[in-house]
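Enquirer: show me how the following folds:
(chains A, B and C)
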Amino acid sequence: MNVRTPRGKLLRNTGLYIAAFVTAAFVATPILFALLGGFKDNQQLRENALGLPSPWNAEHYTDVLTSDSFWRQVFNSVFIALATTVIVVGCAAMVAFVFARFAFRGREALFTLFAAGMMFPFAVAVLPLFIILRTFELLNSPLGVILPQAAFGLPLTIIILRSFFRAIPGEVEEAAVIDGAGPWLFFVKILLPMARPVLATVSVLALVGSWNSYLLPLVVLSRPTWWTLPLGVTQFQGQYASDTAKVLAFVMLAMLPALIFYAFAERHLISGLTSGGTKG
Amino acid sequence: MRQPLSRPRALAAAGAAAALALAAAGCGDSGESDADLVWWHIQNEDPMKSTWESMAEDWAEGSGLTTDVQAVEVEAFKERMGTSAQAGELPDLYNTWGGGVLAEQVEAGLVRDITDDVDCLDKVNPISLEAYTIDDRLYAVPFDQGVVGFWYNMDLFAEAGVEAPPATWDEFLDAVAALKDAGITPIALGAADQWPVHYYWTYLVMRTVGLDGLAEAAEAGDFSGDGFVQAGQMLADLAAMEPFQPGFESAGYGAVDGQAAHMGEGIAAMELMGQWGPEVQRQASGTDGPGGALGFFPFPEVTGGAGATAEFLGGGGGFAAGSEAPDEVVDFMCYLLEEENQAKAVADGNFSTVAADPDAVVTDPDQHIQLVTEAMAAATGTQLYLDQAYPPAIGSTINEASEGLVLGQLTAEEFVAMVDDAWAAEA
Amino acid sequence: MTVKEPSAAPPGEGRPEGRRGASPRRRPVGRPGAGTLTAFIAPGLLLFLLFVLLPVAFAAYVAFFRWNGLGGPPTDFIGFDNFRNLLGDDVFMGDMWRLTLLVAMSIGIQLPIAFGLAMLLHQRFPGRTVFRLLFFVPYVLTEAVTAVLFGLIFSPRRGFADSMLQSIGVETQVGWLSDRSIVLFVIFGILTWKFFGFHMILYLAGRQNIPEELYEAAAIDGAGGAQMFRNITLPLMGPTVRITIFLSVIGTVQLFDLVFVLTGGGPFHASETLAITMYDQGFGRNQIGYASALSIAMFVISLVFALFYQRYVLKRDLQGSLTTAGGGRS
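Expert: This is a model prediction of the structure:
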């Protein structure tokens, strides 16, 4: 295709836009269905599935927004995600620091052990994990979700952080030693602040992973006290089988936090996901 | 960097993760409900949801204990009971259907033996205790009992020219054909939930080999007899007529566009369901249901079979107590059985009463429940739902195989082989 | 994600001195003793041992018993029976077949679509950023929530999908989730909706790393668009493509949330996955021993695939490091 003539350019651009808009419609339609569906009542949903709501009916959204259980689930999801992130990033940073800056016997073996952890699909461990959590009496407790999630997040986080820590020039370290800093001080006061961008990246990955997690909370949290949003949504669907519009409103509101978060943390999320996928 | 911070502070910062873990652990303790009595039931729709709730509140006031009442949708409930039993702790009070599932929980030491503590059994019909009695010990009190039969829409039957409810399987098949010819969906079925399908197979077995034959086969763990294969074949033949609503393969019982909704909206002509059928029809469809047009007939007999129409598949609901439950749980059970409370529950929940003296409890009987009560009064024998009567591994296999049979994925012989394998593995 | 010595700094953050790969000086800060090192490693290692290695080891142990998980520890040792039964289990073998099918469709359809869109979005045109942001949205949504939404879309009577078809004049009802012969394809469609953006972003990043000078030089030599694509783009995108295939396979092996919520694996196992079978056996039927054997089978499948892939496919890209997956799915 000759793109140098105006006509070729026009053709090319038209093709581009058609493909882009078709894909955009494919992506956006289900989400718009949820958004608009929440504003309809059930009769409208059946008779006017495709059109705009008429009249607009905000009742389903306000019902969900004023219910205690929704906010409790939001809180639980946020709490579990934050706690997971703090633990996994904290532990991984310490381990990665040692792996990156010190030589000692068994280092490579230990690193390989952690790295091999990425081979374990989470679903494989869920059943024995359940039995182990039962033994530790961590079932129905947020810790029963947080600790395994953090543990399974360690390998990736350690690998990303280690390579970043290794790339920090030795001069920085020497200067710190001259100032009398020990390893703890160097780690906390110098290394971590320098690593802020990559810490943000791994934190975002951990947050998103925890926020989306379903299987582990499903088996660990059998009582609603600590239910997270994904559990809440599926339960809500069972409970309001006859009220599709209300379920759509709940689904939309449950998706909203992720969408808002994505809008703000898009850069970190994408850089985290692509940091290894390409040989950049 | 000229003024290095003190080492302890650095340590404290590095240990932040550990501190947070501890904080979370603190929260973890409150993750277990701190109420004295945790109660799971499956009446997750009003009015019954509120009725249970307020009974718990009233009782809590008098007893000085706190309660935590959780209404859980039935499919989610089964799932959570599965993980809770695995977790080794059941709620202080929970819904049960008795039978082999309860027995397995009892065997694992998870259920409280209430035989010697509960002193209000004079208020219930002794027959309703059978499903919860294991080796002569009682583990639950009932609140509902009934039988499974065909709920049918008389208007739709009339439209198809079917005058009387079918009494034999052949008449039944004729009725299905007539309904189909009239452009009416003959049967609503939620095959994705599996258990609604197992009613068909169970009933056909009850009609071919009879209750005694079924009991003997279960005792022996051997379902390979002719009657079992024949029953499977009859169900497969029914399915081959395509009598179910479009999309029944992925439909749930109470879910969106599910079995109950099809009945409630008057789209399908009949469903094979228990005493809760009419209530769920209304709830799942968000309508008033077929109302007076909804009739009930027992599962037809199979010509030449050992069973009779007066033998019913049935069961009900009861409440069992977890082994960790406080002693007061027995008081609460009895509180629920007080006649005044039974009356409220029967009225709001559309239950079929378990009272020793029904007249004391039921003042204004629901028209549909009345049909179930009459059927029960005439019953000559009952069989508990097989997915509850047998250990979970067997019950699940029967449910699964029933689905496979109706979807044309299993033959009647394969069905029987699957169940026998499960029996063998259990032995 | 797969990582081996990446520049961990996000693009545009300015990577630290570009010393990647250079061996950092081994001049330990303050020469820490073994105690300090242990203190740094201990929390992470403990967490890892307790919640990752122990469960896997435990599953491997329980897999040799018949055990319903209730009461005391397992006692009924049955050797390899659970594994033997797996091989004769139609559901398990069906899971394997469906896994193969999904992987084949991912590689044959989903990844090429993502690749094409990445090439498209690499062009400069107004609105490109908006499209890129939008295409990635499904990936950030929770799988379980997505499944509830699609359950309503494909619902048999008031479903949105049927209404769409009606609006363009197609009156037949499609058994989206109820027809055993198409349910897996519907699920694949949803997986594509959910995950093509993820792969697209990876391809986009890979494409952006190809120096434009190569294309300019080729243009001077008179190469056409197709030639450039074949001789520059494709070969240089190789590593990224191999990684996405890897992530796609590992993700598909673990597939659970979406299918479990949407169909529960039905109708009659038509959409069942390994993880769903395991869940059903373990929590639905209390067959903990058998379910553990299934877990181990899943583990072995992932491991064998990962090792094989590392050894023969990724070797060139990664020089043999252990790497893998976390975020990606089919």
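Enquirer: where does B:V197 land on pLDDT?
Expert: B:V197 is assigned a pLDDT of 97 by the prediction.
Enquirer: which elements pack onto the helix or strand harbouring B:I398?
Expert: Element membership of B:I398 [criterion: DSSP states H and E] is helix B:392-406. Helix B:392-406 is packed against helix B:99-107, helix B:195-208, helix B:226-240, helix B:386-389, helix B:412-426, with contacts defined by 3 or more CB pairs under 8 Å, 6 or more residues apart in numbering or on different chains; DSSP states H and E. (Each C-beta comes from the backbone N, C-alpha and C, glycine too.)
Enquirer: pick the most buried one from those.
Expert: Ranked by average neighbour count under the criterion mean count of other CB atoms under 10 Å in any protein chain shown, the helices and strands packed on helix B:392-406 are headed by helix B:195-208 at a mean of 26.
Enquirer: neighbouring contacts of the host helix or strand of B:C334?
Expert: Per DSSP H and E: B:C334 is located in helix B:329-337. Applying CB atoms under 8 Å, 6 or more residues apart in numbering or on different chains, the set of residues contacting helix B:329-337 from outside is B:37, B:55-56, B:59, B:63, B:92-93, B:112, B:114, B:117-120, B:123-124, B:141, B:143, B:319, B:321, B:341-342, B:345.
Enquirer: which ones among these map onto strands?
Expert: B:37, B:93, B:141, B:143, B:319 (DSSP state E).
Enquirer: tell me which two of these sit farthest apart.
Expert: Pairwise distances among those were taken by CB to CB; the largest, 16.5 Å, belongs to B:L37 and B:F143.
Enquirer: these two: who's more crowded?
Expert: B:F143 (27 against 23; other CB atoms under 10 Å in any protein chain shown).
Enquirer: identify the residue nearest the more buried one in space, chain neighbours excluded?
Expert: Spatial nearest neighbour of B:F143, chain neighbours left out: B:G317 (5.5 Å); criterion: CB to CB, 6 or more residues apart in numbering or on different chains.
Enquirer: the one you found contacts B:P142, correct?
Expert: Yes: if you go by CB atoms under 8 Å, B:G317 and B:P142 touch, sitting 7.0 Å apart.
Enquirer: hang on, A:P148 packs against A:L216?
Expert: Yes: the pair A:P148 and A:L216 passes the contact test of CB under 8 Å, sitting 6.2 Å apart.
Enquirer: not counting its neighbours along the chain, what's nearest the spatially most central residue of chain B?
Expert: What sits nearest the mean C-alpha location of chain B, by CA atoms, centre = their mean, is B:W97, with 6.4 Å. Of all residues beyond its chain neighbours, the one nearest B:W97 is B:Q388 (4.1 Å), with distances taken as CB to CB, 6+ apart.
Enquirer: what's the helix or strand for the residue nearest to B:F143?
Expert: strand B:311-320.
Enquirer: residues in contact with A:L216?
Expert: A:L216 is in contact with A:122, A:126, A:129, A:145, A:148-149, counting by CB under 8 Å, 6+ apart.
Enquirer: I should have written B:F150 there, sorry.
Expert: Neighbouring residues of B:F150 by CB under 8 Å, 6+ apart: B:165, B:270-272, B:296-299.
Enquirer: so where's chain C uncertain?
Expert: Segments of chain C classed as low confidence (criterion: pLDDT under 70) are C:1-31, C:71, C:158, C:315-330.
Enquirer: B:I398: how many residues sit nearby?
Expert: 26.
Enquirer: now chain A against chain B: closest residue?
Expert: For chain A, the residue closest to chain B is A:G90, as judged by CB to the nearest CB, at 3.0 Å.
Enquirer: do you know how far that residue is from chain C?
Expert: 8 Å (CB to the nearest CB, to the nearest Å).
Enquirer: all helices of chain A, in order?
Expert: Using DSSP state H, the helices found in chain A span residues A:6-37, A:42-47, A:59-65, A:68-101, A:107-116, A:122-135, A:142-166, A:170-178, A:183-185, A:192-194, A:196-212, A:215-220, A:229-239, A:244-277.
Enquirer: mind checking which of these is nearest B:D136?
Expert: Evaluated with CB to CB, the helices of chain A place helix A:122-135 nearest to B:D136, the distance being 31.2 Å.
Enquirer: please enumerate residues in contact with that closest one?
Expert: Looking at helix A:122-135 with CB under 8 Å, 6+ apart, the contacting residues turn out to be A:139, A:144, A:148, A:152, A:215-216, A:219-220, B:83, B:86-88, C:50-52, C:54-56, C:58-59, C:62, C:69, C:254, C:256, C:274-275, C:278-279, C:282, C:288, C:291-292, C:295-296, C:298-299, C:302.
Enquirer: among those, which are in helices?
Expert: For these, the ones inside helices are A:144, A:148, A:152, A:215-216, A:219-220, B:83, B:86-87, C:54-56, C:58-59, C:62, C:274-275, C:278-279, C:288, C:291-292, C:295-296, C:298-299, C:302, with DSSP H as the criterion.
Enquirer: run the chain-centre distance for the helix holding B:C334.
Expert: When distances are taken as CA atoms, centre = their mean, to the nearest Å, helix B:329-337 is centred 22 Å away from the chain's centroid.
Enquirer: just checking: what are the partner strands of the strand holding B:G317?
Expert: Applying DSSP bridges to the sheet, strand B:311-320 is found paired with strand B:93-96 (antiparallel), strand B:140-147 (antiparallel), strand B:381-384 (parallel).
Enquirer: run the angle between that strand and helix B:195-208 for me.
Expert: 130 degrees (axes from the mean of the first three to the mean of the last three CA atoms, to 10 degrees).
Enquirer: tell me what angle strand B:311-320 forms with helix B:99-107.
Expert: 30 degrees.
Enquirer: send me strand B:311-320 as CSV with only the CA atoms.
Expert: Taking Å, rounded to 0.1, in the frame of the first residue of the first chain, the C-alpha atoms of strand B:311-320 are listed here in CSV:
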residue,chain,number,x,y,z
GLU,B,311,-45.2,-43.5,47.6
PHE,B,312,-43.5,-40.1,47.6
LEU,B,313,-40.1,-38.7,47.3
GLY,B,314,-39.8,-36.0,49.9
GLY,B,315,-38.2,-34.4,52.8
GLY,B,316,-38.1,-31.0,54.4
GLY,B,317,-35.9,-28.6,56.1
GLY,B,318,-34.5,-28.8,59.6
PHE,B,319,-32.0,-27.0,61.7
ALA,B,320,-28.9,-28.8,63.1
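Enquirer: let me see the mean pLDDT of that strand.
Expert: 92.
Enquirer: again, but for stretch B:217-226
Expert: Mean pLDDT, stretch B:217-226: 92.
Enquirer: quick check: buried residues in that stretch?
Expert: B:217-218, B:221, B:223, B:225 (16 or more other CB atoms under 10 Å in any protein chain shown).
Enquirer: try stretch C:117-127
Expert: If you call a residue buried by 16+ other CB under 10 Å, then stretch C:117-127 has these buried ones: C:117-122.
Enquirer: near chain A at all, that stretch?
Expert: Yes: contact between stretch C:117-127 and chain A is present through C:117, C:120-121, C:123, C:125, C:127 (criterion: CB under 8 Å from any CB of the partner chain).
Enquirer: which residues touch that stretch?
Expert: A:13, A:16-17, A:19-20, A:23, C:128, C:131-132, C:135, C:196, C:200-201, C:203-204, C:206-208, C:233.
Enquirer: let's see it at 7 Å
Expert: Outside stretch C:117-127, the residues within contact range by CB atoms under 7 Å, 6 or more residues apart in numbering or on different chains are A:13, A:16, A:19-20, A:23, C:128, C:131-132, C:135, C:200, C:203-204, C:207.
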